[in-house]
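# Kindly generate the corresponding structure for this input.
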Amino acid sequence: MVGEPEGEASDEVLGEGSYYLMKLGLTAKEVAEHFELSPARVSRLARGYSAKLKSGEVVPSEMDRVFWEDVKKEAEGDEKLTFVSAKGFHHAWKSELRRLDGVALMSIFEASKDFMGTDPNKRFLDFPRPKGYDPLAMDREVNKSIEVLSQLLAEKWKEENREKDSLQT
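Next up is the predicted model:
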């Protein structure tokens, strides 16, 4: 916004964020910690945004809600991953992939691994990212997802082995 110090969010953005994050179950104190504000200011900003919604000054948007839901997921440590399947590129949250069974995870893992194995640019992923535009951004995302998928598969393997062990006893 014009007049805002560089790097600082406007009260409009903070109000919208406070409102949606509190609607998603965070307390004013939790939002305050993330926004580096006082809980009282977060509550005041959320009430102000709620009043704007009620008066019609701002219109609720599904896109805004989804955006702040994504911000909450990222703040809680969830990751948005890019992977490959037979149908192309896909994006999903790590928490969503964690709910899949081992067969589905393995299918995604293998398709992503196959894609990276045939990518002629793979050897350039070892070099640092260029400043500005990164032509290998998608490759880097898929490569990162392969690591996460590998971890999820290991977790799934341990979980299934524990279930088998408990059924045998």
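# R123: neighbouring residues, count only.
8 (other Cβ atoms under 10 Å). Quick note: C-beta positions are derived from backbone N, CA and C, even for glycine.
# quick one: the helices in this protein?
Applying DSSP state H to the chain gives helices spanning 11-23, 28-35, 39-55, 62-75, 94-98, 102-118, 137-168.
# For the first one, buried residues please.
Taking 16 or more other Cβ atoms under 10 Å as the basis for neighbour counts, the residues of helix 11-23 that come out buried are 11, 14-22.
# Domain-wise, how is the protein divided?
11-75, 80-168 (automatic domain parsing).
# still on that earlier bit, looking at the helices of the chain, which one is packed in the most?
helix 11-23 (a mean of 21; mean count of other Cβ atoms under 10 Å).
# what does it contact?
1, 9, 28, 30-31, 34-35, 37, 42-43, 45-46, 48-50, 52-53, 58, 64-65, 68-69, 71-72 (Cβ atoms under 8 Å, 6 or more residues apart in numbering).
# quick check: mean pLDDT across that helix?
Helix 11-23 shows a mean pLDDT of 92.
# Nice, that's everything, thank you.
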